[in-house]
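1. Sequence first, predicted model second:
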Amino acid sequence: MMNISARRRGAAIATGTALALTLAACGGTDAESGADGTGSGTDAGPITIGVHSGWDEGIAVSHLWKNILESEGHEVTLETADAGVVFTALAEGDYDLNFDTWLPLTHASYMEQYGDQLEELGTWYDDAKLTIAVNEDAPVDSLAELAENADAFDSRLVGIEAGAGLTETTQEAVIPTYGLEDMEYLISSTPAMLAELDSATAAGENIAVTLWRPHWAYDAYPIRDLEDPEGTLGDAEEIKVMGTAGFSDDNADVAGWIEGFTLTDEQLFSLENIMFNEMGGEDNDAAVEAWLEGNPDFVEGITG
């Protein structure tokens, strides 16, 4: 989100040694992954999806596609690992798919390293970015108005973890650009920020928080983003689906479904809200089932 989720940039980079060790520990076998060319056209071969650890939108969409593919007769395995491990396994054919590739910035280094061994299958979301969000009825529309209206927010900007890229971007770009030095920038944790957001919106109070899209908070709370006329938070990125090279040749139907797959903000945020807020991430498959009950035509619109 700084053009990416800069909060994740550090987690997305691993050394070659660490990648090799982790991949040896968690990589799937050929039988699990379907990387040996099982299934083409309508054949329902096994599929392994690599999931970036801690990336909510990728977890949500991967479980959604697990449901879709299993309903079409595929045996689906989800493998969770750091981004570097996922891309290494994808390139080597141990994993078949990844639904959470951020471009043009976040995962650019992996595309440079493994691009010839990967296949781009589609873009399902095109507004992934860092944000400063406020309650829906806040008296400002832009970051350029925040300093002169700081009193309305008790002169507080609520942030997340100290080591997050979003925190660094806010400190080094947002605050000096918009003259927010007199506001108290509270750096703590994502759960603490969300607790403050919950409390303030429930009480009808103004609040400004550092946030990012996609996030379930946009479905759970009446909030909106402040405009960023100086572009301090970067441009939006796209979230793409990557397959191991040759995936579409071996899985033509699945590749066709993925090519036409997109999620709106409302759909994605509501899925994440059910999965991570209402169900606390305890049963992601059940969360998908609950979401599909409220979106009964969704799967047919993809596979029908």
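-> Okay, I see it.
2. Could you give the number of residues near residue 278?
-> 14 (other CB atoms under 10 Å). Backbone N, C-alpha and C define where each C-beta goes, glycine included.
3. Chain neighbours aside, what residue packs nearest to residue 67?
-> Residue nearest to residue 67 in three dimensions, not counting chain neighbours: residue 288, with 4.8 Å by CB to CB, 6 or more residues apart in numbering.
4. Around the one you found, how many other residues sit close by?
-> 22.
5. Could I have the CA atoms of the host helix or strand of residue 267 written out in CSV?
-> Assigned by DSSP states H and E, residue 267 falls within helix 265-272. C-alpha atoms of helix 265-272 as CSV (Å, rounded to 0.1, in the frame of the first residue of the first chain):
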residue,chain,number,x,y,z
ASP,A,265,-15.1,-3.2,-1.8
GLU,A,266,-18.5,-4.2,-0.3
GLN,A,267,-18.0,-7.9,-1.1
LEU,A,268,-14.4,-8.1,0.1
PHE,A,269,-14.9,-6.0,3.3
SER,A,270,-18.0,-8.0,4.3
LEU,A,271,-16.2,-11.3,3.7
GLU,A,272,-13.3,-10.2,5.9
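6. From the chain's centroid, how far away is that helix?
-> 11 Å (CA atoms, centre = their mean, to the nearest Å).
7. ok, now stretch 116-136?
-> 7 Å.
8. Same question for stretch 269-284.
-> 14 Å.
9. Need the mean per-residue confidence for it.
-> Taken as a whole, stretch 269-284 carries a mean pLDDT of 97.
10. same thing with stretch 134-145?
-> 98.
11. Now do the buried residues in it.
-> Judged by neighbour count (16 or more other CB atoms under 10 Å), stretch 134-145 contains these buried residues: 134-135, 138, 140, 143-144.
12. How about stretch 262-282?
-> Buried-residue list, stretch 262-282, by 16+ other CB under 10 Å: 263, 267-277.
13. what does stretch 176-185 give?
-> Buried, per 16+ other CB under 10 Å, within stretch 176-185: 178, 180, 183, 185.
14. Perfect, I'm done here.
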